[in-house]
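Participant: Build me a model:
(2 chains)
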Amino acid sequence: MDNLHEPSFGSREDIETVWNGCTTAFMRFSAVWRFPRVNYDVFSQYIFVGPKIINKIPDTILNVNVLQILTITSVGFVLFAVMWVTKIEEYLEERERQQHESETRT
Amino acid sequence: MTHELILQGGIGSAEVVQWGWIFLIGYVALMLGFGYWGYKRVEGSGGGGTSSQDEYATARGGFGFLALALAYAATVASGATFMGIPALGYSVGFKAGYYAMLYPIGIFGGMLIVARVSKKVSDRFNSQSVPDFLGDRFQAPGLRVITALLSLFLLFYAMAQITAAGQMFDVILGVEYSNGIWIAGGLLLLYLSLGGSHADILTDAVQGAMMIAITVLILVMFAIGYGMDGGIGTVNAALDSSLQWDTHTNPDSPVFHSWWAILLLVIGHIGFTAQPHLGNKFFAIKSNRYIRRFMIIASVVGIFLPLMYLGGVLGAAQGIEVEAADQIIPALFVQSFHPILAAFLGVAILSAIISTADGLIISLSQIFANDLYRKSYVPWQGGDPESEAVQQRTLLISRISTVVLVIAAVVAVISPPQFLVILLWTGIGGIISSFGAPYMVGSLWRRTTVPAAYAATIIGFITFFLLHLGPQAGVMEGIYPFNQNPFASTGVGFLISLSVTFAVSFVTDPPSDEHLEKVFAAEERLVQGGEGTAAAGPEDPAPTDDD
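Facilitator: From the prediction side, this is the model:
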């Protein structure tokens, strides 16, 4: 069933379908539930920018192959791991230390 | 018999078998050495705040970051790295990478979240397993028992590894499957019943180093298009169009059905680190002082090893014909290299399979010895779980249950089970969907409550049952691709369990402040003048050469 294999990463139509689905869901949700302090008018303006941006995506990105995607995800994960270890763990340990100091003072 | 068919294909040629036995004898000698070394560590303990039982169950504080990172990555990778993943590459081509290279992102991403807190809390409460950690973190003995019972499903995982080992004995060494599984079981018993977690981690670390070497070799072979006239482009061009690198998804395949299925595959593996045979590895690091180096090395090695799938892709491009896709890597080596190397690879695969099985058996033994006996039955009867008599009895139960579990796992697969993968994911998917979320959220968020942990565990498992286990057991039809895709079902189960953990935590009362303070209080090394000047203690031993 070779014809069922997807030939490319994603066509512009596919991405537009996903975008339209997400924005429609968002608008329907916001019709029944509104978060306070959120300016929905600004959101409404930017929703229509989506298709313009999608049309400007270069073909090289749309035709990216499996190896290229996996190289990006793998390098991205290693960078994330480095960031976690150097920044997040540092933050968590610092928070523990500060909590201990404030509790000791009180 | 399979072996005869493979002999015709050249994998089990006389020279390969002969060298295979030589390497196997060397391997057994090494394992025995590790087992004896582990035995000395277990029996020689008692000082430094650890008991023999604790040494057997966790090897607490016994290893540096490098050995432990290699052991962790090797345990995650298992025999699947050499058999299942290259087989996937051989069968579906480059898109196999969406499984091979994305599942480690989920697993090691989850590991980054829980490793440090898991080590800290387990040291404070003397937790010896993931269910025990949950019981101690939430002060919930019932949660310990429920999660321990759910963890018993890991026996299916161990059965799958022993089946794979029996098949490898058949393929590489010409030993009948029915004998191969007993030899594999005997090997496990030899060093596990003696050395416990010490032997487990040490053998895993060595196997991790061997796995890296073989993955480098495969990667180089793929990069230069070994056996073909050209490089990577030639490999791609030689493949059937449905296997080439510009083919991403396949609606006919439950695993690669769509981008959503691929995304759920990553999400489904985030909670994988809650598997008891992985979660207990954190307890063995010398100190949290070294946890960051452990995290980085484990992550890099962990994401590197599954590149083995490219060996399967290369085998398909070379047009190698095999009886079963699982044999593609041995077949590739036999075709490409001297029989010595092919034999070495065969024993390396065997050791990789056994490296996962040993961790599983140790974790399973702790369900009986620690989770159900020492931490549940003894306090229920009003006893002290930390008393010397209880510790000695727990160690005895650990050793006896190790023997019983190995024998049970071997007996269960005397006839190779037809639906082993389904049984295997009963355990893995069930564990991730149920207590993966409370384990991870509870490690970072103080506000996580006991009712939330119970609710998430039960609802997560029910979700996984409805989506995957029920349909697989024939109870209901289910929804495609979830009824055939354990990863996507686990992903949904995990997400729902995660949502329940947060939602219920917001509307229920957290554990007492006193207990939370005990769980989340800063480590000694952090409050005594920074990392470089912290005083040594149970949580913070002095650096050694190994560090």
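
Participant: Dump stretch B:388-396 to CSV, restricted to CA.
Facilitator: Listed next in CSV are the C-alpha coordinates belonging to stretch B:388-396 (Å, rounded to 0.1, in the frame of the first residue of the first chain):
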residue,chain,number,x,y,z
GLU,B,388,18.4,-5.7,62.3
ALA,B,389,16.3,-8.9,62.4
VAL,B,390,13.8,-7.6,59.9
GLN,B,391,16.7,-6.4,57.6
GLN,B,392,18.2,-9.9,57.7
ARG,B,393,14.9,-11.6,57.0
THR,B,394,14.3,-9.1,54.1
LEU,B,395,17.6,-10.0,52.6
LEU,B,396,16.8,-13.7,52.8
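
Participant: Contacts for that stretch, please.
Facilitator: B:42, B:51-54, B:56, B:369-370, B:373-374, B:378, B:383-384 (C-beta atoms under 8 Å, 6 or more residues apart in numbering or on different chains). C-beta here means a position set from N, CA and C on the backbone, and glycine is covered the same way.

Participant: Buried among those residues? Make that a ChimeraX selection.
Facilitator: The ChimeraX command for the buried members of the contacts of stretch B:388-396 (criterion: 16 or more other C-beta atoms under 10 Å in any protein chain shown) is given here:
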select /B:42,51,52,53,54,56,369,370,373,374,378
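
Participant: any idea which of the contacts of stretch B:388-396 is least confident?
Facilitator: For the contacts of stretch B:388-396, the weakest pLDDT value sits at B:S51, with 65.

Participant: circling back to that earlier point, what's the farthest-apart pair in the contacts of stretch B:388-396?
Facilitator: B:V42 and B:G383 (22.7 Å; C-beta to C-beta).

Participant: Select the longest helix from chain B.
Facilitator: Across chain B, the longest stretch assigned as helix under DSSP state H is helix B:177-223.

Participant: scratch that, chain A is what I was asking about
Facilitator: Chain A, longest helix under DSSP H: helix A:12-32.

Participant: Does anything pack onto that helix? Which helices or strands?
Facilitator: Packing contacts for helix A:12-32, counted by 3 or more C-beta pairs under 8 Å, 6 or more residues apart in numbering or on different chains; DSSP states H and E, involve helix A:40-47, helix A:50-55.

Participant: now do 10 Å
Facilitator: With contacts defined as 3 or more C-beta pairs under 10 Å, 6 or more residues apart in numbering or on different chains; DSSP states H and E, the packing partners of helix A:12-32 are helix A:40-47, helix A:50-55, helix A:59-62.

Participant: which one of those lies closest to B:S178?
Facilitator: helix A:59-62 (53.4 Å).

Participant: helices and strands around that closest one, which ones?
Facilitator: By 3+ C-beta pairs under 10 Å, 6+ apart, helix A:59-62 packs against helix A:12-32.

Participant: For the helix it packs on, buried residues please.
Facilitator: Quick answer for helix A:12-32 (16+ other C-beta under 10 Å): A:I15, A:T23.

Participant: Stretch A:79-98 too?
Facilitator: A:F80, A:A81, A:W84, A:V85, A:E89, A:E93, A:E96.

Participant: Filter those to keep only those in contact with chain B.
Facilitator: Intersecting the buried residues of stretch A:79-98 with the contacts of chain B gives A:F80, A:A81, A:W84, A:V85, A:E89, A:E93, A:E96 (criterion: C-beta under 10 Å from any C-beta of the partner chain).

Participant: Excluding covalently adjacent residues, which one is nearest to the second one?
Facilitator: Yep, that's A:A81 we're talking about. Among residues not flanking A:A81 along the chain, B:S299 sits closest, at 4.1 Å (C-beta to C-beta, 6 or more residues apart in numbering or on different chains).

Participant: One more: B:G493?
Facilitator: Leaving aside its chain neighbours, B:G493 sits nearest to B:S433 (2.8 Å; criterion: C-beta to C-beta, 6+ apart).

Participant: What is the neighbour count of that neighbour?
Facilitator: 33 (other C-beta atoms under 10 Å in any protein chain shown).

Participant: all helices in the stretch 1-150 of chain B, in order from the N-terminus.
Facilitator: B:2-9, B:14-43, B:52-58, B:65-77, B:84-92, B:97-100, B:103-125, B:130-138, B:141-151 (DSSP state H, counting those that start in this stretch).

Participant: List of residues touching the worst-scoring helix or strand of chain A on mean pLDDT?
Facilitator: Ranked by mean pLDDT, DSSP states H and E, the weakest helix or strand in chain A is helix A:40-47, scoring a mean of 74. The contact list for helix A:40-47 (C-beta atoms under 10 Å, 6 or more residues apart in numbering or on different chains) reads A:W19, A:N20, A:C22, A:T23, A:T24, A:F26, A:M27, A:S30, A:A31, A:R34, A:N39, A:I53.

Participant: Pull out the buried residues from it.
Facilitator: So, applying 16+ other C-beta under 10 Å, buried residues of helix A:40-47: A:I47.

Participant: Low-confidence bits of the chain, can you list those?
Facilitator: Just going to use chain A. Chain A contains residues with pLDDT under 70 at A:1-10, A:106.

Participant: other chain: chain B
Facilitator: In chain B, residues with pLDDT under 70: B:1-12, B:45-51, B:418-423, B:528-547.

Participant: coming back round to it: quick check: next helix or strand after the helix or strand hosting the residue nearest to A:A81?
Facilitator: Here B:S299 sits within helix B:291-304, counting by DSSP states H and E. Moving toward the C-terminus from helix B:291-304, the next helix or strand (DSSP H and E) is helix B:309-318.

Participant: Pull out the buried positions in the helix or strand following that following helix.
Facilitator: Where DSSP H and E defines the elements, the next helix or strand beyond helix B:309-318 is helix B:328-336. In terms of neighbour count (16+ other C-beta under 10 Å), helix B:328-336 has its buried residues at B:I328, B:I329, B:P330, B:A331, B:L332, B:F333, B:V334, B:S336.

Participant: how big is the angle separating the helix or strand following helix B:328-336 from helix B:177-223?
Facilitator: Counting by DSSP H and E, the element after helix B:328-336 in chain order, helix or strand, is helix B:339-366. Per axes from the mean of the first three to the mean of the last three C-alpha atoms, to 10 degrees, the angle that helix B:339-366 makes with helix B:177-223 is 120 degrees.

Participant: buried residues in helix B:339-366?
Facilitator: B:339, B:341-366.

Participant: So which residues on the stretch 401-547 of chain B come close to chain A?
Facilitator: Counting by C-beta under 10 Å from any C-beta, the stretch 401-547 of chain B sits next to chain A at B:L444, B:E517, B:F520, B:A521, B:A522, B:E523, B:R525, B:L526, B:V527, B:G530, B:E531.

Participant: No further questions, thank you.
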